[in-house]
Each structure stands twice: as C-alpha cells, then as structure tokens.
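Chemist: any chance you could fold what I've pasted below:
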Amino acid sequence: MFNATAANATAGPAGPPPWYQFPVCAAAPWAFVFYFGVKVLNLAVGAPGNALVIWRIGSGRSDATTSDVFILNLAVLDGFFCLMTPVDMGNRLLLDDQRVWYLQRFSYGLKDLAPLFLVCICLDRYVAVVHPLLFTRIRGNAVRVAASAAVWVLVLVYGLAKSTLGVASVSEVFGAAVLSALCVMLFCNVAVVWALRRCVAGKEALHPVKRRALRTVLTALAIVVALYLPPVALMPFASYYGFVVFRCRVSVSVFAIMDLSCSVEPLLFIARKDRAGGGGGCCGRHLPGDHAPEL
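Modeler: Numbering: from 1, shown residues only. A predicted model of the protein is given here:
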C-alpha cells in the first residue's frame, strides 16, 4: 500500500527520496502528480468544506436530522486528514523523518475506517424508513452519540495499530471493513427501495422526504463503491503487477482516489442541504424523529 510503503523508500543518507518516491518511477511519475494534486485539493476544498459542514451542524439549523450526528463526526475525521496535507507533503518531499511517518500512518488509519460513519448514516435512514416505530423510541441523540463513540474507538485503535505496527498488520482489517460496509449499505439500499416500492404499489404519494432518505443511502453507497472499494479490489491482484506498474502507477492512483472523498463528502452534504425543500411525511405521515423536512 502506497500510504505506508513510501515510509521505507528512502534514498539513504544523501537526502530524502525524490518527489516520485522511488527512483525507478522517474520514467512514469504522473500518478504522483495526481496524488499530490488531490492532496492540494483536499487542503483547498476539503478542509474549508468540512469546516463549513461542522459549522452548519453545530449552529443548530432548523433543517437538522438525526443522521447529522454521524455526518458531524465524519466531517471532523475528514477535516483532520485534510489538515495533515502540509505535514504529509513536507515529510514526503523534504524531511523524510521516520518519527513524522508515525503521525502520517495514524492519519491514514483514521481515513481507512471513515466508511464506518457512512454505514451508521445508512443504518439510521434504514431504521427511519423501514422501522418507524423503533425509530421513534430511539429518536434521541444518545444512541447515535454512543454509536459514534464506539466507531471512534475502533478507528483510533486501528490508526494506532497502523502507525506503530505498519500497514501489513492491518491491511486485511481494512479490506474486511470496506467489504462489510459495502454489504451493510447494499442491504440498507435494498430494504429502503422495497419499502418505497410498497408505498408506490399502494398508490400512496411518495413524499420527497423519503426520496431524500433514498438519496442519502444511495449517495453513501456510491461513495464507498467509487472511492473506497478500488484499493480493496486491487489487493488480490497486487502480485500480478510489476513493481514499477504497481508502485508507480496503480497503487498511487487508487489511494489518491480514496483521499478524494475528503472533498467529495462535504460538497455533497452542502449541496443536499441547499437543495432541500419543505415537506411533510411519506405515505401520509412524517418520518419519526425528523423534526424538520430534510433527511
């Protein structure tokens, strides 16, 4: 995995490694241009975007939803990762300090398990749409705060393990986490679509609130499939690539794509909030626990 392999790719006592990390990558450095370009994008767009998300949720706007607890935690995680960009680039390009690499691997570990918060968002919308009575009983934020705390414990333990023990010690955990997240999100999407289908089959008006709930789970699933799944899908085929192709092109590109989520997620949230309109319930009733029309 590129995010940690470069920590070992030093150029010896003569100085730090080249900006393309491996001397053999000099002939094909364009993936590294893309990687560093994503880093700069995250600092320029992702950091203020996540700060805006934190501000909008923290300001207690009237269009808040129960899922905002998880979105807030995801924005904090992504914001921290974006703010690590100067440290990451400075150490890769100039310092190559092994002590700083511990902090970098820790931040990579946090980012690896960010999909767990997307899973929480999907489960929250699934319960709201499919099990409204249960959702009414757990409408308070206490359950969501406890779930977020549990996710943070897992994320921090994983990040510390990746920082101190290296990538090899957690690579299988990363793959299992992303694949598990994908399975849970697929289940939530199918269940929500089936619930909406019953609404339509009963000739009841499909209210925009539930349509937004469907868009929420579909968006979370799309983020995981498009941005987090490629590194996992790549792992079984790593041995089929030559060193130059894998380390200089493929792995750099897929991890840069994963890092893009730091900018994509807040932009999607802001766009969804700005696009949200008024409304009531679905199939003649409000979704329980959502005191505002927006999901």
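Chemist: contacts, neighbours, all on C-alpha from now
Modeler: OK.
Chemist: ok, and what's touching whichever strand or helix holds residue 106?
Modeler: If you go by DSSP states H and E, residue 106 is part of helix 98-112. For helix 98-112, contacts defined as C-alpha atoms under 8 Å, 6 or more residues apart in numbering pick out 3-4, 7, 77-78, 80-81, 84, 87-88, 91, 155-156, 158-160, 162-164, 166, 174, 259.
Chemist: how about the helix or strand harbouring residue 143, which residues are buried there?
Modeler: According to DSSP H and E, residue 143 maps onto helix 141-165. Judged by neighbour count (16 or more other C-alpha atoms under 10 Å), helix 141-165 contains these buried residues: 144, 147-148, 151-152, 155-156, 158-163.
Chemist: could you dump the residues you listed to JSON lines with distance to residue 130 and pLDDT?
Modeler: Putting those into JSON lines (distance: C-alpha to C-alpha, whole Å; pLDDT from 0 to 100) gives the following:
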{"residue": "144", "distance to residue 130": "18", "pLDDT": "94"}
{"residue": "147", "distance to residue 130": "20", "pLDDT": "95"}
{"residue": "148", "distance to residue 130": "22", "pLDDT": "96"}
{"residue": "151", "distance to residue 130": "23", "pLDDT": "97"}
{"residue": "152", "distance to residue 130": "27", "pLDDT": "97"}
{"residue": "155", "distance to residue 130": "28", "pLDDT": "97"}
{"residue": "156", "distance to residue 130": "32", "pLDDT": "97"}
{"residue": "158", "distance to residue 130": "32", "pLDDT": "96"}
{"residue": "159", "distance to residue 130": "34", "pLDDT": "96"}
{"residue": "160", "distance to residue 130": "37", "pLDDT": "96"}
{"residue": "161", "distance to residue 130": "37", "pLDDT": "95"}
{"residue": "162", "distance to residue 130": "37", "pLDDT": "95"}
{"residue": "163", "distance to residue 130": "40", "pLDDT": "94"}
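Chemist: of all these, which comes closest to residue 60?
Modeler: residue 144 (16.4 Å; C-alpha to C-alpha).
Chemist: what about the residue nearest to the closest one when sequence neighbours are not counted, how many neighbours?
Modeler: Once flanking residues are discounted, residue 144 sits nearest to residue 69: 6.6 Å by C-alpha to C-alpha, 6 or more residues apart in numbering. Residues lying near residue 69 (other C-alpha atoms under 10 Å) number 20.
Chemist: how about residue 69, what does it touch?
Modeler: 141, 144, 145, 148.
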